[in-house]
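J.: I'd like to go over a predicted model; first the sequence, then the structure.
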Amino acid sequence: MKVFKFGGASVKDAQAVKNVGKVIQQFDDKLVIVISAMGKTTNTLEKLVNAYYFKQGNVAAILEETKAFHFSIINELFENKKHPIYTDIHNTFVEIEWEIEEEPQRSYDYVYDQIVSVGELLSTKIVSAYLNEEHLTNTWLDVRSVIQTDNTYRNANINWKLTEQLALELFAKNKALSTSNYIVTQGFIGASSENFTTTIGREGSDFTAAILAYCLNAESVTIWKDVPGMLNADPKWFDDTQQLNHISYHEAVELAYYGATVIHPKTIKPLQNKKIPLLVKSFLDPNQKGTLVDGNTAEDELIPSFIFKMQQVLISISAKDYSFIVEDNLSQIFSQLSAHKITVNMMQNSAISFSICVDFNPFTTYQFIEELQKEYQVLYNENLELVTIRHYDAATIERVTANKQILVEQKSRNTARFVMKDKVG
Ligand code: ASP
């Protein structure tokens, strides 16, 4: 069995859905096909939640927009206008309508999960019905009957033991699942122990694919993307990006940690734990080899990788009375970071100051700084970039730091990192 994952871009319109059929047709294996919401649906549903919960925006108009988007795709995919998919999708939208019928009773995060998860239900129903029409006979699986989580809405934690048990049981006992060659299911969503829908964090479908692969002991996972594989830099920054043909789990985790966005950071661990290879391939050119991620480290150092994070703030914290920054201070600073849900991208300390580089957030960054200013002297620099180079050399450093003023520099054997800004004058 292989697990495939198709993200939003690979099901963004009718043409793209047809292409999914063409891709899977080329494989003889049993496939578990994990699909995200179509195109930008998750963003639209987020807007809908905000409009409903905070009364910011026109709920009905946003709902109509997303309905029109899905029905236009169905219209293009199904000639038979009496196909049951029309009623099915209509009924799936009713789940949102129920949720927004009354004033919100529960937390924002809970409401978010009940509404935003519908995007994945819609897309998988449409793709499954379309594939069946094309004689790519498949079984639609509600992934919530497998993926069990706690009730941390919007960032739910997986109950691995229960999920594994349910997955194995269901795939062994359920006739449709055990006999179907194709199983179509949702990424991103799960169910809490009270049986409410949860989500596992934006872009979480890669992680879903890895969870299912782990639990079902899959042979491999393939993430189908609109790029030929993992590249050594975001093409946004470089014209001459190179493809990474083969990297290790370790390298993939490092790249994801430093901010490479090709695969969700949580994806690698379950795959590494069971030695399941991961492929990143192009759905536009499925015969190309793409990138292979597995336990082999032999090619990790062949190509340097560059990861850029923009909109960074460097915050330097020191004691008002010139005393040392010691463990007690650090623990206080970190508890403030955690309270403001701020992730540290880089840190550095000296005798009397502790510096951190974080993503700029118009709300939390200043709140955090004000909180710390009660006890510390806090200086900060905005509009910075943080660049990480894996497997650097003098030339690669020169390439990214030319015409830049470097504020912080850190180097380890494999990784060089710079917090910097444009040189003025
Ligand atoms: N649809 C979700 C999102 O856009 C999950 C995913 O696509 O991975 O974040």
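T.: It's in.
J.: residues in contact with Ser117?
T.: Gln186, Phe188, Ile189, Thr197, Thr199 (Cβ atoms under 8 Å, 6 or more residues apart in numbering). (C-beta placed from N, C-alpha, C; glycine too.)
J.: What residue, apart from its backbone neighbours, is nearest the fourth one spatially?
T.: What that stands for is Thr197. Excluding the flanking residues, the one nearest Thr197 by Cβ to Cβ, 6 or more residues apart in numbering is Ser117, at 4.6 Å.
J.: wouldn't Thr401 be in contact with Arg417 here?
T.: No: assessed by Cβ atoms under 8 Å, Thr401 is found out of contact with Arg417, at 11.2 Å.
J.: and those two? which has more neighbours close in?
T.: Using other Cβ atoms under 10 Å as the criterion, Thr401 and Arg417 rank with Arg417 on top: 23 against 17.
J.: Name the residues of the helix or strand hosting the more buried one that come out as buried.
T.: If you go by DSSP states H and E, Arg417 is part of strand 415-422. Within strand 415-422, the residues scored as buried using 16 or more other Cβ atoms under 10 Å are Thr415, Ala416, Arg417, Phe418, Val419, Met420, Lys421.
J.: any idea whether Ile406 is helix, strand or coil?
T.: strand (DSSP: H, G, I helix; E, B strand; the rest coil).
J.: Check whether it really touches Phe418, as I assumed.
T.: Yes: under the criterion of Cβ under 8 Å, Ile406 makes contact with Phe418 at 5.4 Å.
J.: do you know how far Gly8 is from Val146?
T.: 21 Å (Cβ to Cβ, to the nearest Å).
J.: Neighbour count for these two, which is higher?
T.: Per other Cβ under 10 Å, whichever of Gly8 and Val146 has more neighbours is Val146, with 26 against 22.
J.: what sits against that one?
T.: Going by Cβ under 8 Å, 6+ apart, the list of residues near Val146 reads Thr163, Leu166, Ala167, Leu170, Thr185, Leu212, Cys215.
J.: tell me the pLDDT at the last one?
T.: On pLDDT, Cys215 comes in at 98.
J.: now swap in the second one and tell me
T.: In the predicted model, Leu166 carries a pLDDT score of 98.
J.: swap in Ser350?
T.: 88.
J.: quick revisit: mutual contacts of Thr401 and Arg417, please.
T.: Val387.
J.: and the residue in the stretch 251-400 of the chain positioned nearest to the ligand, how many neighbours?
T.: Nearest residue of the stretch 251-400 of the chain to the ligand: His264, at 7.0 Å (Cβ to the nearest ligand atom). The tally of other residues near His264 (other Cβ under 10 Å) stands at 23.
J.: Grab the nearest non-local neighbour of it.
T.: Asp206 is the one closest to His264 (Cβ to Cβ, 6+ apart), at 4.0 Å.
J.: Pretty sure that neighbour sits against Ile223.
T.: Yes: in this structure, Asp206 is within contact of Ile223 by Cβ under 8 Å, at 5.8 Å.
J.: Now the common contact residues for the two.
T.: Residues touching both Asp206 and Ile223 by Cβ under 8 Å, 6+ apart: Lys5, Gly7, Ile263, Thr267.
J.: The biggest helix by length in the chain: what's the following helix or strand?
T.: Longest helix in the chain by number of residues (criterion: DSSP state H): helix 59-77. Using DSSP H and E, the helix or strand that follows helix 59-77 in sequence is helix 85-99.
J.: What's the mean pLDDT across the helix or strand following that next one?
T.: Downstream of helix 85-99, the first helix or strand assigned by DSSP H and E is helix 108-116. Mean pLDDT, helix 108-116: 98.
J.: After helix 108-116, which helix or strand is next? Please name it.
T.: Next helix or strand after helix 108-116 toward the C-terminus (DSSP H and E): helix 118-133.
J.: Compute the number of surrounding residues for Asp321.
T.: 7.
J.: Of the contacts of Val146, which are in range of the ligand?
T.: Among the contacts of Val146, proximity to the ligand is found for none (Cβ under 6 Å from any ligand atom).
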